[in-house]
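**Q** Next one to model:
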Amino acid sequence: MGKMFSMDGPLFKFLDKTVNIIFLNILWLIFSIPIITIGASTTAMFSVMMKMARDREGYMWQGFWTAFKENFKQATKIWLIFLVAISIVVFDIYAFYVLLNLSFGKYIGAILIGVLIILIFGLVYVFALQAQFENKIKQTLINAFLMAAKHIAWTILLVFIWLLTIFAVYLFWAIAGWCIIGIGAYLCAKIYNKLFRRYIPEELRDDY
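**A** The predicted structure follows:
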């Protein structure tokens, strides 16, 4: 009983991790307010969150801020690429299904929905990859889609976790509800660690 309530006990570790998740969630929210910084903010969150999922986290603020600065330029470009691409596809789907009364509109709309799904599959990996690996934008994008295809079962699970997280935020539209994003990110970080470990050089895996 005494061990449970000690500083090294499971209860303290659980509370400590919960507080850290909430703190990271709040940092992500604050740094995502300009919208254009969502990519850098998400990358910074996953940079710390994946370490936390391996029980190797350090100072939350320092880790987040360092990752945010280091990845700002590239992560922002990646975010804008996905934002523009998804916006165009969503608008086209709406146009073909709703605005245009064309006999072939539904078929094109169905194709566009397939494109949207592929974009979402890449999106669930790209910022975690940006946080973990040093690559050019093109290679990071290619790796995101390759990972999504190669690990399709995990990809579907990741998408499901994010959809469930977004739905939970919708149900609890408040600060407490928005903190649920951190829980979803932590669950995804556990999966990213499992998948990315296969691509880490063997001599570095002891620290992963």
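**Q** what residues are up against Val90?
**A** By CB atoms under 8 Å, 6 or more residues apart in numbering, the contact list for Val90 reads Leu116. Where C-beta positions appear, they are placed from N, C-alpha and C, glycine not excepted.
**Q** now the helix or strand containing it, how far from the centre of its chain.
**A** Taking DSSP states H and E as the criterion, Val90 maps to helix 60-94. Distance of helix 60-94 from the chain centroid (CA atoms, centre = their mean, to the nearest Å) equals 10 Å.
**Q** Which positions in it come out as buried?
**A** Neighbour counts using 16 or more other CB atoms under 10 Å place 60, 63-64, 67-68, 70-72, 74-76, 78-79, 82, 89, 92-93 of helix 60-94 among the buried residues.
**Q** repeat for stretch 171-186
**A** Within stretch 171-186, judged by 16+ other CB under 10 Å, the buried ones are Trp178, Cys179, Ile180, Ile181, Gly182, Ile183, Gly184, Ala185, Tyr186.
**Q** Now render these as TSV, adding pLDDT.
**A** Shown next, in TSV, are the buried residues of stretch 171-186 (pLDDT from 0 to 100):
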residue	pLDDT
Trp178	72
Cys179	80
Ile180	87
Ile181	90
Gly182	91
Ile183	92
Gly184	94
Ala185	95
Tyr186	95
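**Q** and of the residues you listed, the nearest to Ala131?
**A** Ala185 (11.1 Å; CB to CB).
**Q** follow-up on the earlier one: closest to Lys17 among the buried residues of stretch 171-186?
**A** Tyr186 (8.1 Å).
**Q** Okay, and the closest one sits in which element?
**A** Short version, using DSSP H and E: Tyr186 is in helix 180-196.
**Q** quick one: pLDDT of the nearest residue to Leu27 once chain neighbours are set aside?
**A** In this structure, Leu27 finds its nearest non-sequential neighbour in Phe64, 5.1 Å apart by CB to CB, 6 or more residues apart in numbering. pLDDT, Phe64: 96.
**Q** pLDDT weak spots in the protein?
**A** Within the chain, the segments meeting pLDDT under 70 span 1-10, 99-105, 174-177, 203-208.
**Q** Okay, and the most centrally placed residue in it sits in which element?
**A** Nearest to the geometric centre of the chain sits Val124, at 5.3 Å (CA atoms, centre = their mean). Secondary structure from DSSP H and E places Val124 in helix 105-132.
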